[in-house]
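Novice: Pasting a predicted model and its sequence here:
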Amino acid sequence: MNQNNRYNNANHCNFPVGFPPQHQDEQPGLEYIMTPIPMSECCKSRPKLTNKIALITGGDSGIGRAIAYDFVKEGAKVAIVYFDEDRDANETANRIRQLGGECILLQGDLKNPEFAKHCVEKTVQCFGTLDILINNHAFQFVQRSIMDISHEQLEFIFRNNVFSFFYLIQHALPYMKKGSSIINTTSVTAYEGNKDLIDYSATKGAIVALTRSLSISLAEKGVRVNAVAPGPIWTPLIPASYSAEEVKTFGTKTSQVPMMRAGQPCEVSPCYVFLASEDASYMTGQVLHPNGGTIVGS
């Protein structure tokens with residue numbers, strides 16, 4: 001194969017399945033006599049998400065806002081779902097428009113499956129399709145003992161942090177085609193646990209299992225499913241969860257994170273760009289760990 005054909009094939013991204021019988025007698029081997037030649041350049045557009053349509057939950061602030069900004073910079077149009085934080089959501093939308101992007105805002109409660117359906121349908125109605133689903137929203141309530149977690153809180157947390165992911169996925173899938181991507185936000189707590197966030201940590205563990213199981217289920221359809229497990233990140237959820245004294249030292253203890261500082265949303269959002277783009281075309285069922293150095297099991 002000559003060099004021109006090699007690059008032309010890369011532009012089409014038709015990845016081979018199986019290879020013609022061949023053998024080389026010397027290590028480490030010669031690439032130029034291989035059939036087909038390994039693809040060193042793939043069909044990756046620049047920007048990475050040109051003409052993609054993404055639905056981002058919890059997109060009004062924190063990690064979700066950073067994802068929205070990065071996606072727009074990479075050429076995507078975004079639908080931002082949020083609970084009730086109108087000012088934050090409008091600030092996010094205004095910044096997206098300053099960046100030259102397009103977005104819609106969808107306000108409501110994703111514990112309601114009908115609202116989840118509305119979010120998907122409105123996104124498709126406005127933009128024509130849906131390529132990327134980012135399940136990112138979450139609640140957490142600090143409780144010092146499992147005995148303090150009421151039945152009402154337990155049900156609330158699972159309905160918001162897990163059930164709603166199922167609702168969105170179920171409504172989004174009919175619109176998703178080969179090459180589409182689902183990315184779920186889990187947490188370092190799914191791997192380490194957290195003594196004061198037992199129910200929240202349990203939901204994040206469920207999201208890891210959901211990601212892995214769904215990736216297997218959708219592999220044949222060509223829809224990739226991955227997750228991101230942030231460590232302690234400076235978002236509105238932190239001052240909304242912890243006392244002022246606890247916030248002062250958030251993320252600064254080696255027992256929390258080896259880098260001894262909290263991360264910023266913009267240090268997490270590139271993970272989502274990578275997983276949503278063709279750069280991650282051979283990744284599904286995986287979890288990325290932007291957590292400041294905490295070593296976790298995969």
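Specialist: Alright, I've got the coordinates. The structure presented is a predicted model; accordingly, all values stated were derived computationally and were not measured. Numbers count the residues shown, from 1 in each chain.
Novice: Could you verify that V78 is part of a strand?
Specialist: Yes - counting by DSSP: H, G, I helix; E, B strand; the rest coil, one finds V78 located in a strand.
Novice: List the residues that contact it.
Specialist: Residues near V78 by CB atoms under 8 Å, 6 or more residues apart in numbering: 53-56, 59, 68, 71-72, 96, 101-104. C-beta: built from backbone N, CA, C; applies to glycine.
Novice: List the ones among the residues you listed that fall in helices.
Specialist: Judged by DSSP state H, helices contain the following of those: A68, F71, V72, I96.
Novice: Distance-wise, check the third one relative to V273.
Specialist: For V72, the distance to V273 (CB to CB, to the nearest Å) stands at 11 Å.
Novice: which residues touch F163?
Specialist: When contacts are counted by CB under 8 Å, 6+ apart, F163 touches K111.
Novice: Distance of it relative to L197?
Specialist: Distance, F163 to L197, using CB to CB: 18 Å.
Novice: Tell me where this structure has strands.
Specialist: 53-57, 77-82, 103-107, 132-135, 181-185, 224-228, 287-288 (DSSP state E).
Novice: Could you identify which of those strands is most buried?
Specialist: strand 132-135 (a mean of 29; mean count of other CB atoms under 10 Å).
Novice: quick check, distance from it to the centre of its chain.
Specialist: In terms of CA atoms, centre = their mean, to the nearest Å, the gap separating the centre of strand 132-135 from the centre of its chain is 6 Å.
Novice: And stretch 25-36, by the same measure?
Specialist: When C-alpha coordinates are averaged (CA atoms, centre = their mean), stretch 25-36 and its chain have centres 38 Å apart.
Novice: Strand 181-185 and the longest helix along the chain, what's the angle between them?
Specialist: Assignment by DSSP H gives helix 198-218 as the longest helix of the chain. Computed by axes from the mean of the first three to the mean of the last three CA atoms, to 10 degrees, the angle separating helix 198-218 from strand 181-185 equals 160 degrees.
Novice: Can you give the contact residues for helix 198-218?
Specialist: Residues external to helix 198-218 that are found in contact with it (CB under 8 Å, 6+ apart): 135, 138-141, 143, 146, 149, 153-154, 157-158, 161-162, 165-166, 169, 173, 182, 184-187, 189-190, 193-194, 224-227, 229, 284-287.
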